[in-house]
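Asks: give me the fold of what follows.
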Amino acid sequence: MNGNDNPDQVKSSLVAKTILIVNSNSANDPLHSKKLFVRKAKSLGIKIIILSAEASSFQPYADYCISANTSNYAESLAALESFLQENPSLKLDGVATFLEDDVLLVSKIVDRYHLAGTPFKVANRVRNKFLFRDFCSHNNLPVIKFKELKSARDLEDVINNFSFPLVVKPAYGAGSAFVMRVNDEEELRESYEYIKKEMSPKIESALTDGLAVFVEEYIDGDEVDLDILVQNGKIKFCAISDNGQTKEPFFIETTRMTPSNLPNKNQAQLLSMADETLEKLGILNGCIHFEAKSTPQGPMPLEINLRLGGDEVYASVKAAWRVDLIENYLKIVCGLYIPKFDFPAGPYQYLVAETFSSDHSGILVNLEIDDQLKKMPFVEEFQFEKKIGDSVMAPPYGYEYLGWILVSGQNPLDAQDNLRAAIKSVSYEVAKFHPASSIGKSARKNPFSISMLNREVLKRGSKIEKIRRMAVANQRNLHIGVACNLYDENSQDQESLVENDLTVIGKEIETALKSRGYKVSFFDFNDLPKVFNELKNSDVDLVFNVCERINNSSLLEPHVASIFDVLQIPYTGSNPFTLGLCIDKIRVKKLLNYHKIPTPEWDYVYSLDDDVREDLRYPLIVKPANTDNSIGITNDSVVRNEKELRVQLEKVIKEIGRPALIEEYIDGDEYDVPVIGWDDDDLRVLPLTRSIFDALPADKWHIYPFEAKYSDESIYDRIIRQRPPKNISKKLEALLGEIALDTYRILDCHDYGRVEIRVDKNNNPYVLELNPNPSLNQDGVFSASAEVIGLDYADFLEEIIRLAIKRYKDNPPYYHLQPNIL
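Replies: Below you'll find the predicted structure:
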């Protein structure tokens, strides 16, 4: 039989068959490509029962849904048994899965209901890579030298009796997660400690079956995949594909060529080895993804997956050989005979795939996909899973791929040429972030919680709809909330002085808005449970968000905006992403560098053991990397040599407990550039404020330390502040405005923000930072700049409200949460 020449015949033989598909919501495949497999099965006329923790998510492709935690075999088997008892007219014809996570559960179902498939005893021996190697060693099959690592004591035996390099891997892993090459004793010890500490089903869901670890010797050779259809112990079809050289030491996948370019002799040896291995194991029925190496010493099995290969495997095999692995797999599990496939004329075409990955963890900041890609006739499939702003976790912190592309050609060289042409249409960049950075997580509730939540969501959603539909002229009819912090004036330490200032700001806004006729409510975020309930039950239409603390921590400032989004309450100012990003001065610096925004040369350290760039020129300034309001900055923060640098690093890292940002000190004037608006239609730069430090004593550096901002009796009163600046060229003024606008856009600021820029003696500008939640007190820099253009304090606050209303009116709900870091 030459491929699936008669698809109607295949379909008719499967029509009305009842198949249970076990598909957990894998961390590696959140109801994504595997749902496509389910949809394919449905198109064949099959009656589908889904067993999954997210079973209802497969509708409308499922005829019946059974919700159960598929990592809990007892729960799943009980749920299935109960379902079948409630539906006695249904008879299972077969059971299948497309996920490694569910192979063992499927084998238990095979045993219980006497279905075609692999028994649990055999499946467990294969699923556990250590047991698989142990089986090979006792059954005269090729095997790599290996040893289970039950404790750190086993490492000594490995060091004394194995030859480096070695490979450390989980027994139940999938997708190369936590698989590492080690080249010496030190790397072996470090990798073992790492894998035992970090390995978790939260990162690789297939590890739910167990966390055992083993080590084996590394062997050279050509790595291949054998995608096999086996029925009644006979191999009916086998497609051999070549895997490109993986990125070591973590064995990250790169390319895959179908069919293989290996000599016929090598391919015959691989097929013979696979046939013998499956026969001795007792794998009689199924679709098998068999991974192996062709070595000078002969073929070597690596692992066997009792399910269809992922990503491009299905499409590449179908295009090359016109064999539909899904259709034939489902026929096998239903006990329907399939003939052996022969291809005397060779493949129909050649396929090559490339996987998109990142060498480091970070944020996807750039993605360009040329429209021409869709028009290229040789592009068979293209998947890019990530969007701009998404986190990307690369080893050793995660094992995420960005996507893949599959192209065809008339021969191997033609396919490779086509791949090179297609790849030119896809470019992306992942901006590095430090592993200490965190990415938010979401949790699912039970169906009843979701139903209750939906009623609340609909109720609160009316607030956003009200803002979107109202006329701006009627904004004084709104009930405005002011989110801020209330503190007692009872201390003079740095935090308390800042806190007193925050109290004043909130109260001044409340007073000014009430003077214009607004109904105003104050929300004090120093008592989070209380304020959350107040917000949830309030009738405020929009919140003026000037809150900078939760639980007395400025690091929680972004979560204030998150609370408003969760409660669906419109608010002024930037979204949680921007607020969180701008607190992290290190990430801001990276983005500024990426976008070629001028900023002082810099480096950062998280511990005193971290190296500092040797090419940085003294003097340098050392700042806490994630504090605000100049906390931690003194005249001593500017250092002239390495000795002074080490003192300040000790202060920031040990005393303050924060990472340290190190910048080249720029001697010159400082400009505050206030920006209001959001899109190009309403973005405006308000009059600049220039600070001139020339009158300071010789022993004072030209900076704004904490003392300059919060001390009443201060030598820093000698700083000259000009608003607007005097005696500067129009060209410089325009340049500062343009740089500020670019920074504002890059960091996705909303409604208002202040950019701080230094200008050196040669008129070269350097962006220091952007504050997306600057002080809006009545006598502050921002309000004073607004006054220069004729807006008094209340006018200025009303303008911010107007800008926020316009932002919500012009865009769908939650549009503001889509980060724009291009």
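Asks: next one, pLDDT for Glu495 please.
Replies: In this model, Glu495 is scored at 52, pLDDT.
Asks: what do you get for Leu229?
Replies: 98.
Asks: also Ser358?
Replies: 91.
Asks: that one: neighbour count?
Replies: Neighbour count of Ser358, defined by other Cβ atoms under 10 Å: 21. No exception for glycine: its C-beta is placed from N, CA and C like everyone else's.
Asks: mind checking how far it is from Ala394?
Replies: 5 Å (Cβ to Cβ, to the nearest Å).
Asks: ok, now which ones touch the residue most central in space within the chain?
Replies: Centrality entry for the chain: nearest residue to the mean C-alpha point is Ser391, 2.7 Å, by Cα atoms, centre = their mean. Neighbouring residues of Ser391 by Cβ atoms under 8 Å, 6 or more residues apart in numbering: 361-364, 439.
Asks: out of these, give me the one that has the most neighbours.
Replies: Busiest of the contacts of Ser391 [other Cβ under 10 Å] is Ile363, holding 23 neighbours.
Asks: secondary structure class for that residue?
Replies: Following DSSP: H, G, I helix; E, B strand; the rest coil, the label given to Ile363 is strand.
Asks: distance of Asn626 from Ile144?
Replies: 47 Å.
Asks: what's the answer for Leu90, then?
Replies: 45 Å.
Asks: next: Ala708.
Replies: 66 Å.
Asks: again with Arg189
Replies: 21 Å.
Asks: ditto for Tyr194
Replies: 22 Å.
Asks: more neighbours, the two?
Replies: More crowded of Tyr194 and Ile144, by other Cβ under 10 Å: Ile144, with 18 against 14.
Asks: residues contacting that one?
Replies: Counting by Cβ under 8 Å, 6+ apart, Ile144 has contacts 133, 216-217, 219, 300.
Asks: buried among those? Need that as a selection in PyMOL.
Replies: Selection of the buried residues among those in PyMOL, burial being defined by 16 or more other Cβ atoms under 10 Å:
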select buried, resi 133+216+219+300
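Asks: and the contacts of Ile144, which of them are in helices?
Replies: Arg133 (DSSP state H).
Asks: looking at the contacts of Ile144, which two lie furthest apart in space?
Replies: With Cβ to Cβ as the measure, no two of the contacts of Ile144 lie farther apart than Arg133 and Ile219, at 12.6 Å.
Asks: below-threshold pLDDT in the stretch 701-822 of the chain: ranges please.
Replies: In the predicted model of the stretch 701-822 of the chain, residues 709-713, 812-814, 819-822 satisfy pLDDT under 70.
Asks: nearest to Gly335, of the contacts of Ile144?
Replies: Arg133 (31.8 Å).
Asks: was I right about the closest one contacting Glu148?
Replies: No: using Cβ atoms under 8 Å, Arg133 is not in contact with Glu148, being 9.4 Å away.
Asks: okay, and the common contacts of the two?
Replies: With Cβ under 8 Å, 6+ apart as the test, Arg133 and Glu148 both reach Phe214.
Asks: give me the number of residues near Asp810?
Replies: 13.
Asks: name the SS class of the nearest residue to it once chain neighbours are set aside, please.
Replies: Leaving aside its sequence neighbours, Asp810 sits nearest to Asp679 (Cβ to Cβ, 6 or more residues apart in numbering; 7.6 Å). Assigned state for Asp679: coil (three-state reduction, three-state DSSP).
Asks: mind checking how far Asp679 is from Pro576?
Replies: Applying Cβ to Cβ to Asp679 and Pro576 gives a distance of 20 Å.
Asks: those two - which one has more neighbours?
Replies: Applying other Cβ under 10 Å to Asp679 and Pro576 shows that Pro576 carries more neighbours, namely 20 against 13.
Asks: quick check: phi and psi on that one?
Replies: Dihedral pair for Pro576: phi -60, psi -40, per degrees, to the nearest 10.
Asks: would you agree it is in contact with Val566?
Replies: No: using Cβ under 8 Å, Pro576 is not in contact with Val566, being 10.0 Å away.
Asks: partners of the one helix or strand Leu406 maps to in the sheet?
Replies: For Leu406, the element it lies in under DSSP states H and E is strand 403-409. Sheet pairing for strand 403-409, assigned by DSSP bridges, gives strand 350-356 (antiparallel), strand 379-384 (antiparallel).
Asks: to Leu649, which of these lies closest?
Replies: Nearest of those (Cβ to Cβ): strand 350-356, 38.1 Å.
Asks: can you name the residues in contact with that closest one?
Replies: With Cβ under 8 Å, 6+ apart as the criterion, strand 350-356 contacts 252-259, 311-312, 315-316, 319-320, 380, 384, 401-412, 414-416, 418-419, 423, 426, 428.
Asks: and after the helix or strand of the chain with the lowest mean pLDDT, which helix or strand comes next?
Replies: Ranked by mean pLDDT, DSSP states H and E, the weakest helix or strand in the chain is helix 447-469, scoring a mean of 40. Next along the chain after helix 447-469, taking DSSP H and E as the criterion, comes strand 479-484.
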